[in-house]
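**Q** got a predicted structure plus its sequence, pasted below:
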Amino acid sequence: MKHQFNFCPNCATELQQLVAEEDGGPKVRTRCPACNWTHWNNPTPVLAAVIEMPDRDGHLLLARNAAWPGRFFGLITGFMEAGETPEGGIAREVLEETSLTVDAVKLIGVYDFQRMNQVIIAYHVVAHGEIKLSPELAEYKIVSPHEVKCWPAGTGQALAEWLTSRGITPQWLELPPRRPSEG
């Protein structure tokens, strides 16, 4: 997913696709011909949580984002905020989106999600409490780790890796093929 800028945020000149010499050679990027501002379009770090709930027999919490079409349930995710650690950010996101208290956070891994120009930093989060969803989330479900189905994109890979680390062979969702317009 590329962000589109039409005008320079520094001088308001119309941006162009220009070649400039960078480490490793010439590179075409969106640049300002007047002040040389460059839109780097670096991936955005996104935090994700495989939430395990010991007070619910170690089951996992999956949620459906209110903006998603259909009834897909995934991990709790969110963006880091300035001044916070990834671990603090995922604890904040879990609390904000579910009202759950986080007891422990452990890194699962880092995953590529180029379709959205993101890098996913996934954590195993142990949490407890009464679930109260934020308006960002439409509904949730509690699933046994042995019954959860993974999906082939970034956060689904993290879930599969976490399951494998627990000696559970991941089961995979069968997704419909993408339409050409979805890239």
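**A** Cool, got the structure.
**Q** tell me who's in contact with the residue most central in space within the chain.
**A** Taking C-alpha atoms, centre = their mean, the centroid of the chain lies closest to Val46, which sits 4.2 Å from it. The neighbourhood of Val46, defined by C-beta atoms under 8 Å, 6 or more residues apart in numbering, consists of Thr77, Gly78, Phe79, Phe113, Met116, Gln118, Val119, Ile120, Ile121. The way it works is simple: take the backbone N, C-alpha and C, and place the C-beta from them, glycine included.
**Q** what pairs with Glu22 across the strands?
**A** Per DSSP bridges, residues listed as beta-bridge partners of Glu22: Gly25.
**Q** what number of residues lie near it?
**A** By other C-beta atoms under 10 Å, the residues close to Glu22 number 10.
**Q** got any ranges where the protein has weak pLDDT?
**A** For the chain, residues meeting the criterion pLDDT under 70 lie at 1-3, 175-183.
**Q** domain-wise, how is the chain divided?
**A** Each domain of the chain is listed here as a residue range: 1-41, 44-172, per automatic domain parsing.
**Q** pick the most buried one from the ones you listed.
**A** Of all the domains of the chain, domain 44-172 carries the top mean neighbour count, a mean of 17, counting by mean count of other C-beta atoms under 10 Å.
**Q** distance from that one to the middle of the chain?
**A** 9 Å (C-alpha atoms, centre = their mean, to the nearest Å).
**Q** what of stretch 17-26?
**A** Remark: stretch 17-26 is offset 30 Å from the chain centroid, using C-alpha atoms, centre = their mean.
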